[in-house]
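Peer 1: Next one to model:
(one chain, ligands or ions: 2)
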Amino acid sequence: MNIGIDAGGTLIKVVCRNRGGLKYHKFPSVQLDYVASWINGFDEAQVCVTGGKAALLKSKMKRSAAEIVEFEATSQGVRYFLADHDFTEDAYLVTNVGTGTSIHHVTDRHQKRIGGTGVGGGTMMGLAQLLTGITDYEQIVRLAAKGARDRIDLKVSHIYEGAEPPIPGDLTASNFGHLLPSASLASLSQEELLAAVIGLVGETVATTSVLAAGQCGVSSVIFIGSSFLRNNLLKEVVIRYTKLRGGNPLFLRNGEYCGAVGASLYE
Ligand code: ATP
Ligand code: MG
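Peer 2: Ligands and ions are numbered 1, 2, ... in the order given. Predicted coordinates for the structure are as follows:
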């Protein structure tokens, strides 16, 4: 059996690969010691680790393990999953919305990290906590899905007030820019605040990605990372903004495991 591990800033993703296929496991990164001892139990397996916490995890394991560069592993995993898709383009962008966001230009032969933004899944968690006190990911995405952003975000149409704007009025002119009288602040619900946080993250990663895609001369952007897990609102925002700016967004099933799959393919 081959075990690929992507030890990220927030979550450790583990893929066990044998003839029967792939098995997926996920742990919070704070459980690094537990994961190390769990992996120690697989005597016969070949193990390969990647991700920002790979070296730390290896130092806690009582067995040898290979280590590969995260971006290399991720693009290998993307290629593996794409084989199941009706996708024929040989160059595209991969945007990994993890704790932070990393953007890669991938072709059939190579990958290059071309940039990123500190606005990512960690921003969702951090702003959600600051604004609502909620720290549970599932609760954050569940409540956000019920919220409207109109009272928090300033739209282009708000600025143009009845005049015909030169760009779609429905676009966000300023995330969190709809300043309310202080007396109304208390009336903002957790749902509204969380929806606005996800709007900010989604619009930022989509816009950054499409600009990067233009720079690389590609139009397809493959979005991966655990930030999309059960988070349809983030997906919707990203799809809308990517399409609006001429990009072609794509999501991979189990896409948050790309790094771990890539590591499991290491021979
Ligand atoms: P990085 O690649 O930046 O080092 P990572 O690999 O740990 O980080 P991902 O696992 O791709 O990043 O995504 C982490 C994000 O996924 C979190 O910031 C959060 O928004 C979201 N998330 C999804 N499920 C959970 C969960 N159970 N607990 C915490 N965050 C979660
Ligand atoms: Mg990661």
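Peer 1: Report the helix or strand with the lowest average pLDDT across this structure.
Peer 2: helix 182-185 (a mean of 86; mean pLDDT, DSSP states H and E).
Peer 1: immediately after that one, which helix or strand?
Peer 2: Proceeding N to C from helix 182-185, the next assigned helix or strand is helix 190-216, under DSSP states H and E.
Peer 1: Quick check: which helices or strands does whichever helix or strand comes after that next one pack against?
Peer 2: Per DSSP H and E, the first helix or strand lying C-terminal to helix 190-216 is strand 220-224. Judged by 3 or more C-beta pairs under 8 Å, 6 or more residues apart in numbering; DSSP states H and E, the packing partners of strand 220-224 are helix 70-82, strand 91-97, helix 190-216, helix 232-244, strand 248-251. In this view, the C-beta of every residue, glycine as well, is placed from N, C-alpha and C.
Peer 1: Please identify the residues of the protein in proximity to ligand 1?
Peer 2: Within the chain, the positions adjacent to ligand 1 are 8-11, 51-52, 98-100, 121-122, 124-125, 137, 225-227, 229, 256 by C-beta under 6 Å from any ligand atom.
Peer 1: ok, of those, which come out buried?
Peer 2: Buried subset of the residues of the chain next to ligand 1 (neighbour count, 16 or more other C-beta atoms under 10 Å): 8, 10-11, 51, 98-100, 121-122, 124-125, 137, 225-227, 256.
Peer 1: Show me what residue of the chain gets nearest to ligand 1.
Peer 2: Gly8 (2.0 Å; C-beta to the nearest ligand atom).
Peer 1: Check the spacing between the closest residue to that residue other than its chain neighbours and Glu72 real quick.
Peer 2: Nearest non-adjacent residue to Gly8, counting by C-beta to C-beta, 6 or more residues apart in numbering: Gly51, 4.8 Å away. Using C-beta to C-beta, to the nearest Å, one gets 12 Å for the distance from Gly51 to Glu72.
Peer 1: Near ligand 2, list only the ones from the residues of the chain next to ligand 1.
Peer 2: 8, 98 (C-beta under 5 Å from the ion).
Peer 1: Of the residues of the chain next to ligand 1, which belong to strands?
Peer 2: In this view, the residues of the chain next to ligand 1 that belong to strands under DSSP state E are Leu11.
Peer 1: Which of the residues of the chain next to ligand 1 fall within helices?
Peer 2: Those of the residues of the chain next to ligand 1 mapping onto helices are 121-122, 124-125, 137, per DSSP state H.
Peer 1: Using JSON lines, lay out those residues together with distance to Asn40.
Peer 2: Supplementary listing: those in JSON lines, determined by distance: C-beta to C-beta, whole Å:
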{"residue": "Gly121", "distance to Asn40": "29"}
{"residue": "Gly122", "distance to Asn40": "29"}
{"residue": "Met124", "distance to Asn40": "33"}
{"residue": "Met125", "distance to Asn40": "30"}
{"residue": "Tyr137", "distance to Asn40": "28"}
